[in-house]
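Chemist: Just to be clear, the model below is a prediction. Sequence and coordinates:
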Amino acid sequence: MDFIIDFFVDHFENCVWLAVVLIAICPTLESKIAIPFAMNVSLWGDNALSPILTLFIAFFASLLPSYLIMIIVRKLKGKTTGFISSKFMHRYLTKSAIIENKKSNFKKYLALAGFVAIPLPLTGVWTGSLIAGLSNLDLKFSFLTIAIGTLISTSAITLLCTLFENSISYILIMSLLIIIVFLFVDLFISIIRKYHKAKQRKI
């Protein structure tokens, strides 16, 4: 973890905004890590970004891959590549089905915005874009919905970091730890489920 942070500090000291962009477009990390990283004075000193600039960069950078993801997934959905039906895509297919089961379009887009707006591991722009691509929702309205969810998420995280500016380092560390722990737990659950399925097949 320290190695990654040191790498960014050493190579992006004079262009913090670029480090923010690179982190914000990464799946799972996105603005949850990019924002406390950008505003961290203990890392960047006087080069740390202001809350408004951080919000602006993190918001637009997070959205950069969204439409492309939706288009790619929508095209793959109609192909028999096996990727869409893979275990990796199972969770997103499940979430897509939840949205599709909503009675009105308003509720469908509201649910999509919720997946993006809540700043938790495996939520955010990438998750929302994958779900939108797998569903039958209009891509343009989906992108607008994802943008609204992203604005809510980035605003909430920026506000949190502004209110607790003396604890930004702790917020950054805690955010990274939560993501790491969540991914390990998710992996552990997947292994347990795979083991149980293999055991049931033998029976």
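Modeler: Great, that's in hand.
Chemist: Check which residues of stretch 173-185 are buried.
Modeler: 175-176, 179 (16 or more other CB atoms under 10 Å). Using the backbone N, CA and C atoms, a C-beta is placed for each residue, glycine as well.
Chemist: And stretch 58-67, by the same measure?
Modeler: Buried residues in stretch 58-67 (16+ other CB under 10 Å): 58-59, 61-63, 65-67.
Chemist: got any ranges where the protein has weak pLDDT?
Modeler: 1-4, 78-88, 202-203 (pLDDT under 70).
Chemist: mind listing the strands for it?
Modeler: Here the chain has no strands by DSSP state E.
Chemist: Report the central residue of it.
Modeler: In the chain, the centroid-proximal residue (CA atoms, centre = their mean) is Gly124; its distance is 3.4 Å.
Chemist: how about the nearest residue to it, chain neighbours excluded?
Modeler: Once flanking residues are discounted, Gly124 sits nearest to Glu30: 4.6 Å by CB to CB, 6 or more residues apart in numbering.
Chemist: give me the number of residues near the one you found?
Modeler: 27 (other CB atoms under 10 Å).
Chemist: any idea which helix is longest in the chain?
Modeler: helix 168-202 (DSSP state H).
Chemist: Pull the distance from it to the chain's centre.
Modeler: Using CA atoms, centre = their mean, to the nearest Å, the mean C-alpha position of helix 168-202 is found 16 Å from that of the whole chain.
Chemist: Tell me how far Asn40 lies from Thr150.
Modeler: Distance of Asn40 to Thr150, given as CB to CB, to the nearest Å: 21 Å.
Chemist: Looking at these two, which is more packed in?
Modeler: The neighbour comparison of Asn40 against Thr150 (other CB under 10 Å) goes to Thr150, with 26 against 21.
Chemist: Surely that one is in contact with Phe115?
Modeler: No: the pair Thr150 and Phe115 does not pass the contact test of CB atoms under 8 Å, sitting 11.0 Å apart.
Chemist: burial count for the nearest residue to Leu137 once chain neighbours are set aside?
Modeler: Nearest residue to Leu137, sequence neighbours excluded (CB to CB, 6+ apart): Lys108, at 6.2 Å. Applying other CB under 10 Å, we find 22 residues neighbouring Lys108.
Chemist: what sits against Lys108?
Modeler: Lys108 sits next to 99-100, 102, 135, 137 when contact means CB atoms under 8 Å, 6 or more residues apart in numbering.
Chemist: In helices, which of these fall?
Modeler: Going by DSSP H, the helices hold 99-100 from the contacts of Lys108.
Chemist: Would you reformat the contacts of Lys108 as CSV and include distance to Leu93 and neighbour count?
Modeler: Output for the contacts of Lys108, formatted as CSV (distance: CB to CB, whole Å; neighbours: other CB atoms under 10 Å):
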residue, distance to Leu93, neighbour count
Ile99, 11, 22
Glu100, 10, 14
Lys102, 16, 14
Ser135, 10, 24
Leu137, 14, 22
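Chemist: As a check, name the ranges of all helices in the protein.
Modeler: With DSSP H as the criterion, the chain has helices spanning 2-11, 16-24, 30-38, 41-44, 51-63, 66-77, 87-100, 105-117, 125-134, 139-163, 168-202.
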